[in-house]
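A.B. asks: Could you look at this predicted model? Sequence included:
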Amino acid sequence: MSLFSSFDPATSTYVPMNWLSTLLWMIFIPLSFWLIPTRSSSIWKGILYILHKEFKTLIGPSSWGGTFIFISVFSLILYNNFLGLFPYVFTSTSHLVMTLTLALPLWVSFMIYGWINNSIHMLAHLVPQGTPPLLMPFMVCIETISNMIRPGTLAVRLAANMIAGHLLMTLLGNTGSSILMSILPFLLITQILLLILESAVAIIQSYVFAVLSTLYSSEVT
């Protein structure tokens, strides 16, 4: 087994079963979550309400129920990030296949909506206010390129952060069998601190993905 074996999407030659871990979060949500209000459901609904208010502020007054899709993306990424911290659970958000599947359709839908309904507004975004006339052609090229790489930056940011933390934990974990017993407590403390850090990264990266998607959508309205 290599260092990157934990990121291998195929458990066998014929049937890649690791991607089924993306649906594991449905097992952890009991039916009572939907029927009977519990303390955990109340806390989660409170978090979603806070996110709804923030996303509504970012999108603008014409958001209607548009925050629902961004809250759903946040929840999906958050669940998968946390599940990836458990042993022997495949981290689907560490693959560009997963992250691009989330980022690319969002960006394409924003672009289609913007260019069909607000063409003048979209063209105005290509030239920032106060740009000298000589620099306008260059600014159009730069803004066009920066706009086109947005789904890639969203996907790579999420995947790279998930891979980096998991690789560091794997590297430290593999040294456990070859180090002295006197150093082992320090290794365990370091691993626990890394696990706490990765839990924070899991929350932050899902929030960043959802917020940036919301900001991109606000530019086309």
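C.D. replies: Perfect, I can see it now.
A.B. asks: And the closest residue to Gly84 other than its chain neighbours, how far from Pro37?
C.D. replies: Counting by Cβ to Cβ, 6 or more residues apart in numbering, Thr91 is the residue found nearest to Gly84 once chain neighbours are left out, at 3.0 Å. C-betas here are computed from N, CA, C, even on glycine. Distance, Thr91 to Pro37, by Cβ to Cβ, to the nearest Å: 32 Å.
A.B. asks: Could you check which of those two has the larger neighbour count?
C.D. replies: Higher neighbour count among Thr91 and Pro37: Thr91, with 25 against 10, using other Cβ atoms under 10 Å.
A.B. asks: Leu123 versus that one, what's the distance?
C.D. replies: 40 Å.
A.B. asks: Give me the buried stretch members for the longest helix along the chain, please.
C.D. replies: As assigned by DSSP state H, the longest helix anywhere in the chain is helix 184-218. Residues of helix 184-218 classed as buried by neighbour count (16 or more other Cβ atoms under 10 Å): 194, 198, 201-202, 205-206, 208-214, 216-218.
A.B. asks: Also stretch 42-55?
C.D. replies: 48, 51-52, 54-55.
A.B. asks: Among those, name the ones in helices.
C.D. replies: Members of the buried residues of stretch 42-55 lying in helices (criterion: DSSP H): 48, 51-52, 54-55.
A.B. asks: Turn those residues into a markdown table, including distance to Met26 and pLDDT.
C.D. replies: As requested, those are exported to a markdown table (distance: Cβ to Cβ, whole Å; pLDDT from 0 to 100):
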| residue | distance to Met26 | pLDDT |
| --- | --- | --- |
| Leu48 | 17 | 87 |
| Leu51 | 20 | 89 |
| His52 | 22 | 87 |
| Glu54 | 26 | 87 |
| Phe55 | 24 | 86 |
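A.B. asks: And these, which is closest to Ser119?
C.D. replies: Proximity of these to Ser119 (Cβ to Cβ) peaks at Phe55, which lies at 25.4 Å.
A.B. asks: Isn't the closest one up against Ile69?
C.D. replies: No: using Cβ atoms under 8 Å, Phe55 is not in contact with Ile69; the gap is 9.6 Å.
A.B. asks: Gly114: what's its closest spatial neighbour, skipping adjacent residues?
C.D. replies: Val220 (3.1 Å).
A.B. asks: right, and the helix or strand after the strand or helix carrying Cys141?
C.D. replies: Cys141 is part of helix 136-148 when elements are defined by DSSP states H and E. Note on helix 136-148: by DSSP H and E, the next helix or strand toward the C-terminus is helix 150-174.
A.B. asks: which residues touch that next one?
C.D. replies: With contact meaning Cβ atoms under 8 Å, 6 or more residues apart in numbering, helix 150-174 is reached by 3-4, 6-7, 77, 81, 84, 91, 93-96, 98-100, 102-104, 106-108, 187, 190-191, 194-195, 197-198, 201-202, 205, 208-209, 212-213, 216.
A.B. asks: repeat for stretch 212-221
C.D. replies: Under the contact criterion Cβ under 8 Å, 6+ apart, stretch 212-221 has outside partners 55, 58-60, 62, 66-67, 70, 73, 103, 106-107, 110-111, 113-114, 118, 121-122, 125, 150, 154.
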